[in-house]
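**Student:** What follows is a predicted structure for the sequence shown.
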Number of protein chains: 2
Amino acid sequence: MAISKLSTGEAVRLAAREGSLVGVTSGLAPSFLQANLIVLPSRYAADFRLLCARNPVPCPLLAESSQIGSYDSLKSYIAGLKGDKIASDIDIRYDAPRYMVYQDGVLSASHVEDISAEWTEDHVAFLIGCSYSFETALINDKLSPRHSVMQRNVPMYRTNIPLCPAGVFTGATYVVSMRPYKRSDIERVRDITRPFVTTHGEPIAWGWDGMKSLGIPDISRPDWGDVPLEMDGQPLDSSNDDVVPVFWGCGVTPQEAVMRAGLKGIVLGHAPGHMILLDVKDEDVFSIH
Amino acid sequence: MAISKLSTGEAVRLAAREGSLVGVTSGLAPSFLQANLIVLPSRYAADFRLLCARNPVPCPLLAESSQIGSYDSLKSYIAGLKGDKIASDIDIRYDAPRYMVYQDGVLSASHVEDISAEWTEDHVAFLIGCSYSFETALINDKLSPRHSVMQRNVPMYRTNIPLCPAGVFTGATYVVSMRPYKRSDIERVRDITRPFVTTHGEPIAWGWDGMKSLGIPDISRPDWGDVPLEMDGQPLDSSNDDVVPVFWGCGVTPQEAVMRAGLKGIVLGHAPGHMILLDVKDEDVFSIH
């Protein structure tokens, strides 16, 4: 099936499972939730669950394995939605287009097609919300994120804002994504993204002062994603206070926290941009502005 | 009835309601949850709810008015517990021993006996978790907080760690409470307080480096509560790395956020230390370590 025909979350999962979808999932099956994947040895599961509960803005936990070792059924964290409504026909081992493998905290394999060889009966999978949902809402309200107009990746930055620690997960900090906006549009941007509580919600900081308060030294040097570029003749430069950076909590945060914790054993995740799609649509989870 | 006989949350509420209890509630009805109270005009309720949801460690929302204007029935935010189990016979207007009244963001009356004159049909009450619960657990495990041994108030500090903003609530930062511990006891202290998820849970920072990371300039100058004193010949001094400060999220945080937001109209709260007691016990909410 042509990738452009993949109009549901389930269709994208099945295409990834059979190997016909190998690229990033951005733009596929619009309005279906896309999720970050983190798979941990079970002894770290309680602490990770608590890390998400204590830091819901950067780490919005949507679902996890229904029990230790389950790769094909989910327990839901979305109020009023059971696990099989989040994704009925799912196989965590195959349904992301590409995966990363970490052994004792070190990347041991990158962009592998599946994790059937690495998955064990002791693994627990966690699905975390991603910001694609609110980007669609911004586009629909004529406030398209600049990176999507420029067909680039969203820039992401480490910050010095600490996560609330949870068990083995200490010392981690927020990762943020950045979309520049006119200062006069910021309140509308806040209003539009506020309802997306399971996918980071409204921004956590904005403006050049906001950038400084996050401890980001240079907007032109993101830690992940693409360098923000000019648009409409408006350079994204701190001497210009008309167009300013706006920062959201980012789903890379829990991955960073996992990497910092120096976990023993095999940890698995999706490759950047190669998300797992769900059966849930935006309107199932919250009312769009 | 003698105050020492007030052995349940309901007994404390009734004593406050009839005017026979006028002092702080610390130590009353051990193991019953005590709650911070914030009462807002209804137009701010949605944003405040979101502020708590985005910042659950310093702002653990336990319950709110069952509907706008309700002072005698609650809607629960504790999973598996209905509002009438949190407190069946409650009157928000009388059941804290003392209250504070703010008009357009300015304190207009302090330590008043009740708020029956100020309460309107447009007010919404919010009950927020408080750290008395985990202090009992620490005492039971022979890790008594120093301030309780010294019969002083816990020291509290403003930090530079931003809350995730929510609507009108922007620019606020975490307030933390501090209890000094031997460095060798910190992991036990973390383990004991971790299960108390509705009352701030495990510490958010510890050690002298932790103090600096929170932006606290001087441990001997708390913003609320009493100055921490020496005990066991161990001065709490940054040249001593054996006994170090340990910091928890603090229920003063949401009050600070409300004050910073410059809300219009009448805002009400409990007077510091004069909490509202609930019918819920620690063991109803979580398994004690």
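**Tutor:** Structure received. Everything quoted here is computed from the prediction, not taken from an experiment. Numbering: from 1, shown residues only, chains lettered A, B, ... in the order given.
**Student:** going forward, measure contacts between C-alpha atoms and count neighbours the same way
**Tutor:** Noted.
**Student:** Distance from the chain centre to the helix or strand residue A:45 falls within, please.
**Tutor:** Following DSSP states H and E, one finds residue A:45 within helix A:45-54. Helix A:45-54 has its C-alpha centroid displaced from the chain centroid by 16 Å (Cα atoms, centre = their mean, to the nearest Å).
**Student:** got the angle for that helix vs helix B:45-54?
**Tutor:** Interaxial angle of helix A:45-54 relative to helix B:45-54 (axes from the mean of the first three to the mean of the last three Cα atoms, to 10 degrees): 150 degrees.
**Student:** Report all helices and strands that the helix or strand sitting right after helix A:45-54 along the chain contacts.
**Tutor:** Remark: after helix A:45-54, the chain's next helix or strand is strand A:61-65, criterion DSSP H and E. Contact partners of strand A:61-65 among helices and strands, from 3 or more Cα pairs under 8 Å, 6 or more residues apart in numbering or on different chains; DSSP states H and E: helix A:45-54, strand A:74-76, strand A:123-129.
**Student:** So which residues make contact with the helix holding residue A:45?
**Tutor:** Helix A:45-54 is contacted by residues A:59-61, A:124, A:164-169, A:254, B:55-57 when judged by Cα atoms under 8 Å, 6 or more residues apart in numbering or on different chains.
**Student:** and these as TSV, adding pLDDT?
**Tutor:** Shown next, in TSV, are the contacts of helix A:45-54 (pLDDT from 0 to 100):
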residue	pLDDT
A:59	95
A:60	94
A:61	95
A:124	98
A:164	97
A:165	97
A:166	97
A:167	97
A:168	97
A:169	97
A:254	92
B:55	97
B:56	95
B:57	96
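**Student:** Convert the helix holding residue A:45 to PDB, retaining C-alpha atoms only.
**Tutor:** Coordinates of each C-alpha in helix A:45-54 appear next as PDB, following Å, rounded to 0.1, in the frame of the first residue of the first chain:
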ATOM      1  CA  ALA A  45       9.400   0.000  35.800                       C
ATOM      2  CA  ALA A  46       8.000   1.400  39.100                       C
ATOM      3  CA  ASP A  47      10.600   4.200  39.300                       C
ATOM      4  CA  PHE A  48      10.000   5.100  35.600                       C
ATOM      5  CA  ARG A  49       6.200   5.200  36.200                       C
ATOM      6  CA  LEU A  50       6.800   7.500  39.200                       C
ATOM      7  CA  LEU A  51       9.200   9.700  37.100                       C
ATOM      8  CA  CYS A  52       6.300  10.200  34.600                       C
ATOM      9  CA  ALA A  53       3.700  10.800  37.300                       C
ATOM     10  CA  ARG A  54       6.000  13.500  38.900                       C
END
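**Student:** where does residue A:226 land on pLDDT?
**Tutor:** We have a pLDDT of 81 for residue A:226.
**Student:** ok, now residue A:22?
**Tutor:** pLDDT, residue A:22: 81.
**Student:** Ramachandran angles for it?
**Tutor:** phi -120, psi -10 (degrees, to the nearest 10).
**Student:** Pretty sure it sits against residue A:98.
**Tutor:** Yes. Here residue A:22 reaches residue A:98: they are 6.8 Å apart, a contact under Cα atoms under 8 Å.
**Student:** on that earlier part again, please identify the most buried of the helices and strands packed on strand A:61-65.
**Tutor:** Neighbour counts (mean count of other Cα atoms under 10 Å in any protein chain shown) averaged over each of those peak at strand A:123-129, with a mean of 25.
**Student:** helices or strands next to it in the packing?
**Tutor:** strand A:32-41, strand A:61-65.
**Student:** any chance of the ones you listed in JSON lines, plus mean neighbour count and distance to residue B:107?
**Tutor:** Formatted as JSON lines, those follow (neighbours: other Cα atoms under 10 Å in any protein chain shown; distance: least, Cα to Cα, whole Å):
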{"stretch": "strand A:32-41", "mean neighbour count": "25", "distance to residue B:107": "46"}
{"stretch": "strand A:61-65", "mean neighbour count": "24", "distance to residue B:107": "39"}
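**Student:** Dump these into JSON lines; add distance to residue B:146 as well.
**Tutor:** Shown next, in JSON lines, are the helices and strands packed on strand A:123-129 (distance: least, Cα to Cα, whole Å):
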{"stretch": "strand A:32-41", "distance to residue B:146": "38"}
{"stretch": "strand A:61-65", "distance to residue B:146": "37"}
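**Student:** Next, the contact list for residue A:201, please.
**Tutor:** By Cα under 8 Å, 6+ apart, the neighbours of residue A:201 are A:57, A:134, A:193-195, A:248.
**Student:** give me the subset of those residues touching chain B.
**Tutor:** A:57, A:194 (Cα under 8 Å from any Cα of the partner chain).
**Student:** Closest one of the contacts of residue A:201 to chain B?
**Tutor:** Each of these was checked against chain B using Cα to the nearest Cα; the closest is residue A:57, at 5.9 Å.
**Student:** okay, and the common contacts of residue A:22 and residue A:98?
**Tutor:** With Cα under 8 Å, 6+ apart, residue A:22 and residue A:98 have common neighbours residue A:113.
**Student:** who in the stretch 51-200 of chain A is up against chain B?
**Tutor:** So the stretch 51-200 of chain A meets chain B at A:53-57, A:161-162, A:164-167, A:190-191, A:194 (Cα under 8 Å from any Cα).
**Student:** Those residues: which two are farthest apart?
**Tutor:** The widest separation within these, taken as Cα to Cα, falls between A:167 and A:191 and amounts to 34.4 Å.
**Student:** Am I right that residue A:102 falls within a strand?
**Tutor:** Yes. Assessed by DSSP: H, G, I helix; E, B strand; the rest coil, residue A:102 belongs to a strand.
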